[in-house]
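How does the following fold in three dimensions:
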Amino acid sequence: MTHDATDTSTTLLTGGTPDPGPPDTEALPHGIGADLPSVEAGPKAEGTFPYASDLWAEGLLWASVLRSPHAHARVVSIDTTHAREMPGVRAVVTHEDVPGGSVPGHRAADRPVFASDVVRHHGEPLAAVAAEHPDTARMAAAAIIVEYEILDPVTDPEQAFAAEPLHPDGNLIRHIPLRHGDQEAAGETVVEGLYRIGRQDPAPIGAEAGLAVPRPDGGVELYIASTDPHGDRDLAAARYGLDPERVKVVVTGVAGATADREDPSFHLPLGLLALRTGCPVKLTATREESFLGHPHRHPTLLRYRHHADAEGRLVKVEAQVLLDAGAYADTSSDALAAAVSFACGPYVVPNASIEGWAVRTNNPPSGHVRGEGALQVCAAYEAQMDKLAKKLNLDPAELRLRNVLATGDVLPTGQTVTCPAPVAELLSSVRDFPLPELPMDTPEEDWLLPGGPEGAGEPGAVRRGVGYGVGMVHMLGAEGADEVSTATVKVHGGVATVLCAAVETGQGFTTLARQIVQETLGIDEVHVAPVDTDQPPAGPGCRGRHTWVSGGAVERAAKMVRTQLLQPLAHKFGMSTELLQIADGKITSYDGVLSTTVEEAMDGKELWATAQCRPHPTEPLDGDGQGDAFVGLAFCAIRAVVDVDIELGSIRVVELAVAQDVGRVLNPGQLAARIEAGVTQGVGAALTENLRTPKGLVRRPDLTGYALPTSLDAPDIRIVKLVEERDVVAPFGAKSVSAAPVVASPAAVASAVRAATGRPVNRLPIRPQQAVAPDQPPTAPTPTP
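Predicted coordinates:
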């Protein structure tokens, strides 16, 4: 299957994300594979979709959090006297007011609610205030007097090994040594490289917000845009010293989530203030607080040495991967496992020696951002493949094709690739797709030069480059993570309701759940209930989890209801339920003897079923980095075409041709949107997005200083091939689609800039000075292999 990309405020009582129900039209297609639009699209576009910042409750107080202006300091004293005495202030809390402990294994287990003796990063919370007006809360937080003893920050991850411990758990979070094959092997051709990947921020469109409401039983309810409600509930309960049953998390509308939401530094103080005051407390973060508070992509330092034979086939890969985790561990262990496991890329490498470390520094915390670990190593190993191609005088695409993985090959971790791995087909598709026209073929006044229509560039200084990026990601959790989800499907009065704690983060789960039930039960009107922790856990919303495990749970529950519906009819007519089918609201038998409607068969009854989905188990990597650590893999190939002004260093991405391994297309429109969004996020990582932190201090934490790509920066994205080779162990055979293009697109853009300029391009995002080619007479734009 081939696709071309050219083709109101709410009150507390509503709770969670409201379900607007199915679109108001009978002409829309439904079921798996239908191009069904998201039911949230209309309200979001109209500005009527309720988010956490829209919530309100009677007697509401406002919160503000005091954050450290230093990257590393000893806290000598905290004086809250002036803040407490301000009119309208109802409570001030610090570390002394946190009664509980932590949750072992939680991503924020090593992070306190408030700093006590030591501040470990810029923006770390020290205290929080609840007041009757938001301005009063902010002024009271500013009135808290903190005496600091400034300490030298450790901001270079290479220095963290020898530095004094920054945390009771030490500076080294995890070390993974991977050994595969013959460690003495060597190739005839060797290339080396040193690479640096910057700190990309998830930069959600909607900043963090939340509302905490005390309960009559002494507990608290948190209304937040969580992507892992049960994990956040368990952490909050432990910090508050409460049983989990006395803390309830209600998921509100999620205002964008390409990373974990919400960060504990926002919602944990809220609950403390609500418990202290006995009143609802609301916090809406400023953009600066958002940048300071949530985790970012891991900045990474990578050293590589590739060995190949005379024909370009890889013999050995040696690599060192160093992840800057920032002040706390968060998901750094998971990111490192992905980085080390995929350090050789989707290529057959018989021998490998990979060393990976994740270390603490006094930089802002790093955590889960889409494609974590895999994006960083992809940029490095694809640069190495370009170097090999140049040294061997081979076409870059041809070199890659000589080495690509296929089903049945073995990863450097020793795990056999059992899922579909059509890497060769993906790469061939983008390589063979027609290139866009050169500017010289159009009138000069129609050229869109690097730097934009008002840029200072000259056409004679523009060079065109073509490059490739081939990426891979794992789906679901890894290394023994218990990936399970539970769902309930209820049917009554011709209406089906799905209850599942899978959070809709924009990945389309609520639409997918409707499609599953529509196809299985033949019922058009399907509602998905708001998510809260009264429902069984479904796990965090990342790595395609909810398409796989939550969608699988919904499918199983719907099939159980289907059996309940059909069994009486099958028994009455003396046939098996397998001989009956449901389509367009009608139940028919294979021979036409039985024909009735679903509504008639229901006969006023209520049917329901609950089911779980749990994929096959995985195992942790051992002391040599070996083990079957991943449930499944997904692949993506991208060809980038760029124009570079070699005098100014400005870059324009002309086109990105994408081919992706998707398993099965469940919703064509949403799938294309997810791929395009992932590609655009990757372009940001390649060209503009880098949260600068000199001496550990976040510089210009706003959307002016942090350059997100806009619609004007988005390139022409061509989805030239979607390979639908179903993964037999996945429900519906589908694979996750968002992360793989994020991983591959920065590498493709960097490869194209190398081709245009002849420069090595060993850092992301690409700085203008990296794109300035050596002195040469200006010529008209020409394609560069």
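
what residues does stretch 755-764 touch?
For stretch 755-764, contacts defined as C-beta atoms under 8 Å, 6 or more residues apart in numbering pick out 193-198, 379, 383, 386-387, 396, 463-467, 642-644, 646, 685-686, 746, 750, 753-754, 770-774, 784-785. Heads up, the C-betas are built off the backbone N, CA and C, glycines and all.

What's the PyMOL syntax to select whichever of those residues are buried?
In PyMOL, a selection of the buried entries from the contacts of stretch 755-764 looks like this (16 or more other C-beta atoms under 10 Å):
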select buried, resi 193+195+197+198+379+383+386+387+396+463+464+465+466+467+642+643+644+646+685+686+746+750+753+754+770+771+772+773+784
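
Can you list which of the contacts of stretch 755-764 are found in strands?
Using DSSP state E, the members of these that fall in strands are 193-197, 463-467, 642-644.

Same list (these) but as CSV, adding pLDDT.
What follows is the ones in strands among the contacts of stretch 755-764, written out as CSV (pLDDT from 0 to 100):
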residue, pLDDT
193, 97
194, 98
195, 98
196, 97
197, 97
463, 92
464, 93
465, 96
466, 97
467, 98
642, 96
643, 93
644, 93
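
Report the secondary structure element holding the residue nearest to residue 97 when sequence neighbours are not counted.
Distance criterion C-beta to C-beta, 6 or more residues apart in numbering; nearest residue to residue 97, sequence neighbours excluded, is residue 272 at 6.2 Å. According to DSSP states H and E, residue 272 maps onto helix 264-277.

Tell me the helices and strands packed up against that helix.
Other helices and strands packing on helix 264-277, by 3 or more C-beta pairs under 8 Å, 6 or more residues apart in numbering; DSSP states H and E, are strand 61-67, strand 89-93, strand 125-131, strand 209-214, strand 220-224, helix 229-240, strand 281-284.

Would you mark the buried spots in stretch 727-739?
Neighbour counts using 16+ other C-beta under 10 Å place 727, 730, 731, 732, 733, 734, 735, 736, 737, 738, 739 of stretch 727-739 among the buried residues.

quick one, what contacts the closest residue to residue 746 other than its chain neighbours?
Closest residue to residue 746 apart from its sequence neighbours, by C-beta to C-beta, 6+ apart: residue 686 at 3.9 Å. If you count contacts by C-beta under 8 Å, 6+ apart, residue 686 has them with 745, 746, 749, 750, 764, 765, 766.

Please tell me how far the third one sits from residue 349.
Plainly put, residue 749 is 24 Å away from residue 349 if you go by C-beta to C-beta, to the nearest Å.

These two: which is more packed in?
More crowded of residue 749 and residue 349, by other C-beta atoms under 10 Å: residue 749, with 32 against 25.

So for the more buried one, what's the pLDDT?
We have a pLDDT of 98 for residue 749.

Find me the pLDDT at the residue lying closest to it once chain neighbours are set aside, would you?
The shortest distance from residue 749 to any residue other than its chain neighbours is 4.0 Å, reached at residue 686 (C-beta to C-beta, 6+ apart). We have a pLDDT of 96 for residue 686.

any idea how far residue 686 is from residue 669?
26 Å.

Check residue 370 too.
According to C-beta to C-beta, residue 370 stands 20 Å off from residue 669.
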